[in-house]
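Undergrad: okay, predicted coordinates and the sequence, questions at the end:
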Amino acid sequence: MDWDIALKEFITLWVVIDPIGTIPVFLAVTAGLSPTQQRFIAIRASLIAGAMLLLFIIGGQLLMEGLNIHLEAFQIAGGIILFLFATTMIFGDGKPATEQKQFDGNISHLAVFPLAMPSLASPGAMLSVVMLTDNHRYSIEQQMLTAGMMAIVILSSMALLLMASPIQRIIGTAGASIISRVMGLILASVAVDNILHAVNTYFQLGL
């Protein structure tokens, strides 16, 4: 196993999924629920998010090829979207404040929205898993490694949500917002790197 690649993919997926930034969202939308209900929602939201990302790992590239979209074009578009997503994390209200506003109060689909989507399985995360599992650049073993890293991040997210109350007391809402902005800066760097790699590949610059 190439531990450098595994670490890079883990960091990328951790940044785009942003488990810590989801904690204040989880606490806000599950306020007043029993501990049993909170645990159920945390587990269900994590499983749904994991299933969505796995679906994109398996079928994302097939969809692109069916639409005759060049990978480089998808990488550049994805990089631009990831960069814009990162800027909202850095300069916007922050993930907690933004996604708390999206909650409509309906407990029945609480685990799906806004927790599973768009908080955990965000558009940025979906794009990232497709780019990290390109069939033309990565072997089956490497794609399985990416799926494994995604599963680890999702399981970590589940654990953090199950421990949300004590974590929130330690870092506070302001602390979660600061962490989200740092993650946004890292994500912006990842997005620019994807764009440069795609341009280099498409124009065969050999850089």
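TA: On my side now, so go ahead. As the structure is a computational prediction, the values presented were derived from the model and not from experiment.

Undergrad: roughly how far out does the host helix or strand of Ile80 sit from the chain middle?
TA: Secondary structure from DSSP states H and E places Ile80 in helix 71-91. When C-alpha coordinates are averaged (C-alpha atoms, centre = their mean, to the nearest Å), helix 71-91 and its chain have centres 13 Å apart.

Undergrad: the helix ranked longest in the chain versus helix 71-91: what angle between them?
TA: Counting by DSSP state H, the longest helix found in the chain is helix 164-202. Angle of helix 164-202 versus helix 71-91, following axes from the mean of the first three to the mean of the last three C-alpha atoms, to 10 degrees, is 140 degrees.

Undergrad: list the helices and strands helix 164-202 packs on?
TA: Counting contacts by 3 or more C-beta pairs under 8 Å, 6 or more residues apart in numbering; DSSP states H and E, helix 164-202 is packed against helix 3-17, helix 19-29, helix 71-91, helix 95-100, helix 123-131. Quick note: C-beta positions are derived from backbone N, CA and C, even for glycine.

Undergrad: of all the residues in that helix, which ones are buried?
TA: For helix 164-202, the neighbour count (16 or more other C-beta atoms under 10 Å) marks 164, 167-168, 173, 176-177, 179-181, 183-184, 186-188, 190-191, 194-195, 197-198, 201 as buried.

Undergrad: return the set of buried residues in stretch 154-165.
TA: If you call a residue buried by 16+ other C-beta under 10 Å, then stretch 154-165 has these buried ones: 154, 156-158, 160-162, 164.

Undergrad: who wins for proximity to Leu63 among the helices and strands packed on helix 164-202?
TA: Leu63 sits nearest to helix 123-131 of all those, at 8.6 Å, using C-beta to C-beta.

Undergrad: the helices and strands packed on helix 164-202: lowest mean pLDDT?
TA: Here these differ in mean pLDDT, and the lowest is helix 95-100 at a mean of 55.

Undergrad: where does this protein have its least confident helix or strand?
TA: With mean pLDDT, DSSP states H and E as the measure, the helix or strand of the chain carrying the lowest mean pLDDT is helix 95-100 (a mean of 55).

Undergrad: shaky segments in the chain?
TA: Counting by pLDDT under 70, the low-confidence segments of the chain come to 1, 92-108, 206-207.
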